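# Here is my input, please return the structure:
(one chain, ligands or ions: 3)
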Amino acid sequence: MILDLDIGNTLSKWRLKDVASSEIRSRGAVWTREEWRPGADIPDLDVVEAVRISSVARESVLRDTVTLLQRQVGVVHVARSAPEALGVSCGYDEPGRLGVDRWMGVLAGYQLTGGCCSVDCGSAITMDFVLPGGRHLGGYIIPGLRLMKESLKLGTRNVAIDPDSEADELLAPGCNTVEAVNHGIYMSAVSAVNRIYSEVCDREGVALPLLLTGGDARVVSRGLRIPHAVWPDMVYAGLEACYPLTAAERAGRLAGAPLPPPVPPLEKIRASLAFSMLL
Ligand SMILES: Nc1ncnc2c1ncn2[C@@H]1O[C@H](COP(=O)(O)OP(=O)(O)OP(=O)(O)O)[C@@H](O)[C@H]1O
Ligand SMILES: CC(C)(CO)[C@@H](O)C(=O)NCCC(=O)O
Ligand SMILES: [K+]
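Ligands and ions are numbered 1, 2, ... in the order given. So this is what the prediction gives:
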């Protein structure tokens with residue numbers, strides 16, 4: 001089995017993948033911590049032959065995690081952001097400072113589409129752009145839905161946006177504090193994705209496929225009118241592309257990859273941008 005780990009600032013996601021069949025056998029999520037208990041927080045390491053890690057947690061968390069894993073698993077790959085990988089050149093002045101989860105998303109998105117906008121709706125909402133030809137432009141970081149809510153001290157902290165609500169309801173004016181906060185936050189996240197996507201496509205003169213991942217991808221997806229695809233395993237797919245271990249991965253087949261989404265005509269993007277700038 002391969003253990004893939006996506007260690008975030010708050011939540012750590014893992015999945016077990018069968019080396020022979022390339023199938024995902026199990027998955028889970030736990031709070032990020034310094035001391036993992038194999039068998040409880042993460043799967044029993046007896047069945048694990050190789051580990052691939054993307055981590056944006058404190059360096060000490062990563063160090064302790066790697067030390068633990070190396071005691072029991074032969075192969076431990078730790079992904080790092082780099083100036084260049086898999087045909088993509090990093091847009092950051094200091095590539096090592098780009099969150100490696102973003103870099104994994106960019107690499108996966110580029111493998112799938114040959115140029116895209118990748119959005120991660122997690123604790124933060126991040127947007128990254130990579131042009132056809134492989135130039136990553138850099139991107140944007142805004143607080144995620146939960147962080148935005150926590151920053152308002154209105155007693156609404158624990159009333160989460162129902163991920164199954166209809167976008168139409170979530171975009172309507174709220175008629176009580178909880179609704180006003182939830183709908184306001186939702187509107188700001190969806191508008192930001194919309195606007196940033198359109199602005200960058202306009203500047204660069206290219207309509208790019210739009211890909212979404214992260215814990216809030218599904219609910220944000222419902223509010224977006226731009227065609228896009230949701231790819232829950234996009235960060236893991238970056239790990240697969242960097243460290244291919246199964247036959248399918250070596251052949252370039254990334255697990256759970258969606259069909260590349262249709263791209264709106266650039267003129268349509270520009271028209272909607274011009275319209276929103278009138279308001
Ligand atoms: N059990 C949960 N705990 C925290 N957030 C959750 C949970 N389930 C769903 N979410 C939603 O998922 C979002 C976090 O998404 P995700 O797990 O992709 O975050 P992340 O960016 O990977 O986390 P990290 O900050 O740990 O990197 C939150 O904004 C929240 O709305
Ligand atoms: C922005 C987050 C927290 C999103 O998980 C992560 O990618 C990160 O810690 N990045 C480092 C800062 C940067 O990407 O510029
Ligand atoms: K993330």
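
# And Ala251, how far from Pro232?
To Pro232, Ala251 is 21 Å away according to C-beta to C-beta, to the nearest Å. Where C-beta positions appear, they are placed from N, C-alpha and C, glycine not excepted.

# Same drill for the two, tell me which one is more crowded.
Taking other C-beta atoms under 10 Å, Ala251 and Pro232 do not tie; Pro232 has more neighbours (17 against 9).

# can you confirm the more buried one is in a strand?
No: going by DSSP: H, G, I helix; E, B strand; the rest coil, the assignment for Pro232 is coil, not a strand.

# quick one: pLDDT of it?
Confidence at Pro232, expressed as pLDDT, is 97.

# Can you give me the buried ones in stretch 1-17?
1-9, 12-17 (16 or more other C-beta atoms under 10 Å).

# from those residues, which has minimum pLDDT?
Minimum pLDDT across the buried residues of stretch 1-17 falls on Asn9, with 87.

# mind listing what that one touches?
Residues in contact with Asn9 (C-beta atoms under 8 Å, 6 or more residues apart in numbering) are Thr32, Val56, Ala57, Ser123.

# The second one and Trp103: what is the separation?
Val56 sits 10 Å away from Trp103, going by C-beta to C-beta.

# When the two are compared, which one has more neighbours?
Neighbours around Val56 and Trp103, counted as other C-beta under 10 Å, are more numerous at Trp103. The numbers are 27 against 18.

# now the residue nearest to that one when sequence neighbours are not counted, what's its secondary structure?
Closest residue in space to Trp103, ignoring its immediate chain neighbours: Ser81 at 4.2 Å, by C-beta to C-beta, 6 or more residues apart in numbering. Here Ser81 is recorded as coil under three-state DSSP.

# Near the closest residue to ligand 2 within the stretch 151-279 of the chain, how many other residues are there?
With C-beta to the nearest ligand atom as the measure, Gly214 is the residue of the stretch 151-279 of the chain nearest to ligand 2, at 8.5 Å. By other C-beta under 10 Å, the residues close to Gly214 number 25.
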